[in-house]
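**Q** sequence and predicted model, in that order:
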Amino acid sequence: MQKENIMDYDTVALDEEKNELVIIDQTKLPGKIEIIRLKEAKEIWDAIYLLKVRGAPAIGVAAAYGIYILAAESSADTYEAFYEEFKKKKEYLNSSRPTAVNLSWALNRMEQVVLDKKELPVAEILACLKEEAKEIQAEDIRVCKAIGEYGLSLVKPGDGILTHCNAGQLATSKYGTATAPIYLGEERGYHFRVFADETRPLLQGARLTAFELQSSGVDVTLICDNMSSSVMQKGWVNAVFVGCDRVAANGDTANKIGTSVVAAVADHYKVPVYICAPTSTIDMDTKTGADIKIEERPAEEVTEMWYKERMAPEGVKVYNPAFDVTDHELIAGIVTEYGVARAPYETSLKEIFKKKEEDIRRKKNGRQ
Ligand SMILES: CSC[C@@H](O)[C@@H](O)C(=O)COP(=O)(O)O
């Protein structure tokens with residue numbers, strides 16, 4: 001049955017009975033809320049590549065359910081055959097998009113289950129895989145909420161907040177990352193004034209962020225990407241909150257193309273830029289932003305997508321990187337579920353991971 005509000009839908013879900021991945025087709029938003037069901041490897045790969053499901057954490061959750069669904073269809077009767085098939089499917093899904101580290105992070109976590117449960121029959125390994133995928137999603141919700149609390153401590157009621165792309169509920173399982181402080185603040189009467197960059201070329205800010213914030217009753221104003229300087233110059237922005245696709249060990253951050261422009265402008269106007277980053281998006285194996293692979297996407301996204309008529313001359317050269325890297329020097333803080341990391345990030349991010357390890361150890365001991 002059609003629900004009234006986009007916020008009442010799950011961005012990503014598993015239909016356990018039918019063994020299908022259920023997602024909102026985000027390419028149809030905001031015009032149409034269309035729920036689609038996926039089962040085949042190619043369908044899941046396409047959904048991620050074509051941005052039907054997008055945003056680093058949501059991609060991770062979709063990949064976790066996706067690999068479980070594919071594994072559950074396996075007819076392999078030995079562990080070796082099952083694992084061989086699993087690895088091929090995992091590599092295939094992992095090739096759908098290169099920049100958001102949550103994709104490989106979630107798939108590696110799922111593979112670890114297959115390795116750890118080696119001694120069990122395949123049917124039991126499958127049950128463990130399903131639990132792990134569900135836990136990845138449940139964790140995503142807890143993590144976003146914690147990021148929201150830490151983010152909220154950085155702003156005050158009535159503040160103007162600018163965001164770029166969509167790091168909202170539609171990019172996660174709930175709350176979003178960059179929007180989590182906004183949603184929690186809204187519940188507590190902070191009444192932020194939010195500016196959402198439209199985010200060319202695919203308009204995630206206009207189609208998704210403005211849509212979900214407006215649907216939640218948040219005071220949101222849509223601006224074109226070239227207007228951030230104007231609103232900051234007027235003193236309307238107290239902080240920038242953005243999400244990320246991969247944070248390197250030195251704090252350099254890849255996020256949607258245009259984020260580094262916003263950060264450079266914010267630096268000029270002395271507006272702090274906060275990167276809202278679940279630890280699943282922090283890649284300590286990547287030293288600096290220069291080591292992050294930036295996805296390049298088809299020229300048509302720039303020249304014709306979303307337009308009734310072509311917006312550029314036929315045959316014109318187009319450069320269409322989907323992400324850019326914001327230098328760590330432009331970042332005031334990296335807001336994680338374990339607190340806010342500040343420069344120097346090499347040290348503070350290590351401290352964040354230490355807290356995470358302690359937390360995992362504590363929880364494991366509590367269960368024993
Ligand atoms: C919480 S989502 C963080 C990022 O993934 C988001 O800001 C972003 O850049 C999304 O890009 P997209 O190409 O739409 O997947």
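**A** Yep, it's here. Numbers count the residues shown, from 1 in each chain.
**Q** in the stretch 251-368 of the chain, what residue is nearest the ligand?
**A** Relative to the ligand, the nearest point of the stretch 251-368 of the chain is Lys256 (3.3 Å; CB to the nearest ligand atom). Just so you know, the C-beta spots here come from the backbone N, C-alpha and C atoms, and that holds for glycine as well.
**Q** er, the chain actually
**A** Closest to the ligand within the chain is Gly243: 2.7 Å, counting by CB to the nearest ligand atom.
**Q** that residue reaches Arg54, doesn't it?
**A** No. If you go by CB atoms under 8 Å, Gly243 and Arg54 don't touch, sitting 11.2 Å apart.
**Q** which residue packs closest to Lys256, ignoring adjacent ones?
**A** The spatial neighbour of Lys256 that comes closest, neighbours along the chain excluded (CB to CB, 6 or more residues apart in numbering), is Cys165 at 3.5 Å.
**Q** one step back: which one's more surrounded, Gly243 and Arg54?
**A** Gly243 (31 against 27; other CB atoms under 10 Å).
**Q** flag every buried residue along stretch 309-328.
**A** 320, 322-328 (16 or more other CB atoms under 10 Å).
**Q** and that stretch, end to end?
**A** Taking CA to CA, to the nearest Å, stretch 309-328 runs 39 Å from one end to the other.
**Q** need the contact partners of that stretch.
**A** Residues external to stretch 309-328 that are found in contact with it (CB atoms under 8 Å, 6 or more residues apart in numbering): 99, 201, 245, 250-261, 263, 273, 275, 289-290, 292, 294-299, 301-304, 343, 345.
**Q** on that earlier part again, what's near enough to touch the residue nearest to Lys256?
**A** 197, 199, 204-205, 209, 242-243, 255-256, 258-259.
**Q** okay, stretch 332-342 in PDB with CA atoms only?
**A** In PDB, the C-alpha atoms belonging to stretch 332-342 read as follows (Å, rounded to 0.1, in the frame of the first residue of the first chain):
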ATOM      1  CA  ALA A 332      36.900  21.500  11.200                       C
ATOM      2  CA  GLY A 333      36.000  18.000  12.500                       C
ATOM      3  CA  ILE A 334      35.100  14.500  11.500                       C
ATOM      4  CA  VAL A 335      31.900  13.500  13.300                       C
ATOM      5  CA  THR A 336      31.900   9.700  14.000                       C
ATOM      6  CA  GLU A 337      29.700   7.500  16.100                       C
ATOM      7  CA  TYR A 338      32.600   7.500  18.700                       C
ATOM      8  CA  GLY A 339      33.000  11.300  18.900                       C
ATOM      9  CA  VAL A 340      34.400  14.200  16.900                       C
ATOM     10  CA  ALA A 341      37.900  13.800  15.500                       C
ATOM     11  CA  ARG A 342      39.900  16.900  15.200                       C
END
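**Q** part of a strand, is Val22?
**A** Yes. Checked against DSSP: H, G, I helix; E, B strand; the rest coil, Val22 lies within a strand.
**Q** ok, it to Pro98 distance?
**A** Applying CB to CB, to the nearest Å, the value for Val22 to Pro98 is 25 Å.
**Q** for Lys317, same thing?
**A** As judged by CB to CB, Lys317 and Pro98 stand 22 Å apart.
**Q** quick revisit: so of the buried residues of stretch 309-328, which ones are in strands?
**A** 323-326 (DSSP state E).
**Q** could you report the neighbour count for the closest residue to the residue of the chain closest to the ligand other than its chain neighbours?
**A** The spatial neighbour of Gly243 that comes closest, neighbours along the chain excluded (CB to CB, 6+ apart), is Ala167 at 2.6 Å. Around Ala167 there are 33 other residues, counting by other CB under 10 Å.
**Q** mind listing what Ala167 touches?
**A** Ala167 is in contact with 55, 176-179, 209, 241-244, 255, 276, counting by CB under 8 Å, 6+ apart.
**Q** ok, and what's touching stretch 73-84?
**A** Residues outside stretch 73-84 that contact it (CB under 8 Å, 6+ apart): 19, 39, 71, 85-86, 114-115, 118, 122, 125.
**Q** and that stretch, what's buried?
**A** 74, 79, 82-83.
**Q** same thing with stretch 347-358?
**A** Quick answer for stretch 347-358 (16+ other CB under 10 Å): 348-349, 352.
**Q** same question, stretch 326-338
**A** So for stretch 326-338, counting by 16+ other CB under 10 Å, buried means 326-328, 330-338.
**Q** how far does that stretch sit from the chain's center?
**A** For stretch 326-338, the gap between its own C-alpha mean and the chain's C-alpha mean amounts to 16 Å (CA atoms, centre = their mean, to the nearest Å).
**Q** what ranges do the strands span in this structure?
**A** Going by DSSP E, the chain shows strands at 12-15, 20-24, 35-38, 160-163, 193-197, 219-223, 239-242, 246-248, 253-256, 273-276, 282-283, 323-326, 333-336, 339-341.
**Q** okay, these, which one's buried deepest?
**A** Among those, strand 253-256 has the highest mean neighbour count (mean count of other CB atoms under 10 Å), at a mean of 30.
**Q** and it, what other elements does it pack with?
**A** When contacts are defined as 3 or more CB pairs under 8 Å, 6 or more residues apart in numbering; DSSP states H and E, strand 253-256 packs onto strand 246-248, strand 323-326.
**Q** ok so, going back, any idea how far Val262 is from the residue of the stretch 251-368 of the chain closest to the ligand?
**A** From Lys256 across to Val262, the span is 10 Å (CB to CB).
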